[in-house]
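> need the 3D shape of this:
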Amino acid sequence: MPVVESRGAFLFSPRRLGCFGVCCLLAVVLWGCSHPFRSNTPNPGGTTAGGGASAGGLAGFGGTSVSGGQPAAGGSGGTSAPAGGTTGMLPAGGNTGAGGTSGTGGSVETGGATAPQGPFAATGNMTVARLGHTATLLPNGKILIAGGCGDNSEYLASAELYDPAVGTFTATGGMTVRRCGHTATLLPNGKVLIAGGDTLDRYLPPSAELYDPGVGTFTTAGTVDVAGLGHTATSLSNGNVLFAGGLWWAAFIDGGGVLDVFASAELYDPSAGTLTATGSMTVARYDQTATLLSSGKVLFVGGYDSASSYDVTASAELYDPSASSFTVISGATAARVGQKATLLPSGKVLIAGGSSEVLDNDFFASAELYDPAAGTFAATGSMTVARFGHSATVLPSEKVLIAGGASNDFTTLQSAELYDPAAGTFAAIGNMTAARTGHTATLLPSGKVLIVGGWNYDNTTLASAELY
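Take a look at the predicted model:
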């Protein structure tokens, strides 16, 4: 079963906890949910958000290629999105980024909203507030925003499209199942594969569906049997999608149940519409990151390896599509969950932020680089503030935009910063228009970055969007 670009059980009030399940997501990447232990009673307010409108790897959650990262030049690109992220298809690419102007980059507590102090500007609002949604750059340049959790903890089936040409969101179809913390992966045929996530009824069989931009509708994806929270979905060089890890609630006839963490992995073949097993990870994990390397291999880092104790692992491994096998690699500098893993133009992978113990409020500002040529991890600078559940987007300038997230004392961050691979340093660039975590960030063909939705700790789910 897969894991998501996201989710766990920590940062939310009881109202929010029920909605995100034990997932960190999106991307999406919010950890604290006691949801897996809830009864089979549908969540109040789980009605689909208004027919037409709707919305939201990342990369993780974003990008979805899920795995938490955004492939360079293309949205969650190299990394597959965890929970809720959309694959970078996850786009990306556009003109050079705004550079690292010094800005104050301070954090805003519990959703405080100081005036933006950098190159961020509001751009319309979604038709409904969302977190744990996905955002996918389509071949026509529009962005598909799908599912998520709404402002009243409802699970959303609705979806919408953002049109960069006019800066507006409009409704498009609706998913066949309400989902939050799912993954979304752009396929070679232009369709989007939506898989897993939390639903109104955890006892339903796992499911996946396809969005067809040509007709604006979702249909079930045949025999695809992927689900769960915190799995990753990574688009491979050959067009197949690799699902790995994840967390799921197995129900018993007597009404009880157990949480399972998976090491298994499966390949989805878009041409045949089938899912087949392909080895197993060396460690069961969920809320890990998965990054497609230039070699075609996939790097998995961190995540939880236990559903009962929420232990975070420092282990890392590589999936080799040619051998259908996973191999352990050593040297990661810290155990992490809630981090972002981003493929750089150099072929190295930037792993930034996260936490080794969410419940103890131990969030990281540290970052490290994985060098595929040497097979090693090495520290590289530190962010200006500790972050968990933030977004990371590779810009045309080759710098990486780090935005939002949660910080120590459960502060929702409004600040943003740039990582410069040439210097190995981070620099603040001012504030977004709103403090947010669990949002998506998608690189547009123009080179701008669309930041959508999310949540802040004054218990507000956001419908707002902005451009960097």
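
> so where's the protein uncertain?
For the chain, applying pLDDT under 70 flags the ranges 1-118, 200-205, 226-227, 249-258, 358-360.

> switch the cut-off to 50
The chain contains residues with pLDDT under 50 at 1-114, 203.

> can you pull out the helices in it?
Counting by DSSP state H, one finds helices in the chain at the ranges 14-20.

> for it, longest strand please?
Secondary structure assigned by DSSP state E gives strand 168-179 as the longest strand of the chain.

> now that one - C-alpha only, CSV.
Taking C-alpha atoms only, strand 168-179 is exported to CSV below (Å, rounded to 0.1, in the frame of the first residue of the first chain):
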residue,chain,number,x,y,z
THR,A,168,-9.4,32.5,-11.7
PHE,A,169,-10.7,29.1,-10.4
THR,A,170,-13.6,27.3,-12.0
ALA,A,171,-15.3,24.0,-11.1
THR,A,172,-14.6,20.9,-13.1
GLY,A,173,-16.4,17.6,-12.6
GLY,A,174,-16.1,15.8,-9.2
MET,A,175,-14.2,12.8,-8.0
THR,A,176,-16.0,9.4,-7.6
VAL,A,177,-14.9,9.3,-3.9
ARG,A,178,-14.3,12.1,-1.4
ARG,A,179,-10.6,12.1,-0.5
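
> name the strands paired with it and say parallel or antiparallel.
Paired strands of strand 168-179, with direction, are strand 156-163 (antiparallel) (DSSP bridges).

> got phi/psi on residue 453?
phi 60, psi -150 (degrees, to the nearest 10).

> ok, and the closest non-adjacent residue to it?
Among residues not flanking residue 453 along the chain, residue 130 sits closest, at 4.3 Å (CB to CB, 6 or more residues apart in numbering). All C-beta atoms are positioned from the backbone trio N, CA, C, and that covers glycine.

> that neighbour - how many residues pack around it?
Residues near residue 130, counting by other CB atoms under 10 Å, number 35.

> so residue 354 is in contact with residue 363, correct?
Yes. Using CB atoms under 8 Å, residue 354 makes contact with residue 363 at a distance of 7.3 Å.

> overlap of the contact sets of these two?
Here residue 354 and residue 363 share the contacting residues 338, 388, scored by CB atoms under 8 Å, 6 or more residues apart in numbering.

> quick check: bridge partners of the closest residue to residue 299 other than its chain neighbours?
Distance criterion CB to CB, 6+ apart; nearest residue to residue 299, sequence neighbours excluded, is residue 291 at 4.6 Å. Per DSSP bridges, the residues bridged to residue 291 are residue 79, residue 299.

> how far away is residue 291 from residue 232?
Computed as CB to CB, to the nearest Å, the residue 291 to residue 232 distance reads 9 Å.

> next: residue 381.
26 Å.

> more neighbours, the two?
Between residue 381 and residue 232, counting by other CB under 10 Å, residue 232 is the more crowded of the two (41 against 19).

> so in terms of bridging, what pairs with the more buried one?
Applying DSSP bridges, one finds that residue 232 bridges with residue 244.

> more neighbours: which of residue 354 and residue 363?
For residue 354 versus residue 363, neighbours defined as other CB under 10 Å are more numerous around residue 354 (34 against 24).

> so what's that one up against?
Residues near residue 354 by CB under 8 Å, 6+ apart: 302, 334, 336-340, 363-364, 388.

> need those in JSON lines (columns: distance to residue 400).
Below are the contacts of residue 354 laid out as JSON lines (distance: CB to CB, whole Å):
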{"residue": "302", "distance to residue 400": "18"}
{"residue": "334", "distance to residue 400": "19"}
{"residue": "336", "distance to residue 400": "17"}
{"residue": "337", "distance to residue 400": "20"}
{"residue": "338", "distance to residue 400": "17"}
{"residue": "339", "distance to residue 400": "13"}
{"residue": "340", "distance to residue 400": "9"}
{"residue": "363", "distance to residue 400": "18"}
{"residue": "364", "distance to residue 400": "16"}
{"residue": "388", "distance to residue 400": "17"}
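
> just the ones in strands from those, please.
Here DSSP E is the test, and the contacts of residue 354 give 340, 363 as lying in strands.

> closest one of the contacts of residue 354 to residue 447?
residue 340 (19.8 Å; CB to CB).

> okay, now the closest one: neighbour count?
A total of 42 residues lie near residue 340 under the criterion other CB under 10 Å.

> ok, and the most crowded of the contacts of residue 354?
residue 340 (42 neighbours).

> can I assume that one is in contact with residue 352?
Yes. Residue 340 is in contact with residue 352 according to CB under 8 Å; the separation is 5.6 Å.

> overlap in contacts of these two?
390, 392, 402.

> let's see which of these end up in strands.
Among those, the members falling in strands are 392, 402 (criterion: DSSP E).

> neighbour count and distance to residue 219 added to the shared contacts of residue 340 and residue 352, as TSV?
Shown next, in TSV, are the shared contacts of residue 340 and residue 352 (neighbours: other CB atoms under 10 Å; distance: CB to CB, whole Å):
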residue	neighbour count	distance to residue 219
390	33	34
392	33	32
402	31	36
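
> show me where the stretch 151-300 of the chain has its strands.
Taking DSSP state E, counting those that start in this stretch, the strands of the stretch 151-300 of the chain run over residues 156-163, 168-179, 183-186, 192-195, 208-212, 217-220, 232-235, 241-244, 247-251, 257-261, 264-269, 274-280, 289-292, 298-301.

> how many residues are close by the residue nearest to residue 299?
31.

> that one touches residue 297, doesn't it?
No. Taking contacts as CB under 8 Å, residue 291 lies outside contact range of residue 297: 9.4 Å.

> returning to what we had before: from the chain's centroid, how far away is the longest strand of the chain?
Chain-centre distance of strand 168-179: 18 Å, with CA atoms, centre = their mean, to the nearest Å.

> could you do stretch 283-296 as well?
That offset, for stretch 283-296, works out to 13 Å (CA atoms, centre = their mean).

> how long is stretch 260-279 from one end to the other?
End-to-end span of stretch 260-279 (CA to CA, to the nearest Å): 18 Å.

> buried residues in it, which are they?
Using 16 or more other CB atoms under 10 Å as the test for burial, stretch 260-279 gives 261-268, 270, 275, 278-279.

> ok, of these, which one's closest to residue 437?
residue 261 (23.6 Å).

> circling back: of the buried residues of stretch 260-279, which pair is most distant in space?
Spatial extent of the buried residues of stretch 260-279 (CB to CB) is set by the pair 261 and 270 at 27.3 Å.
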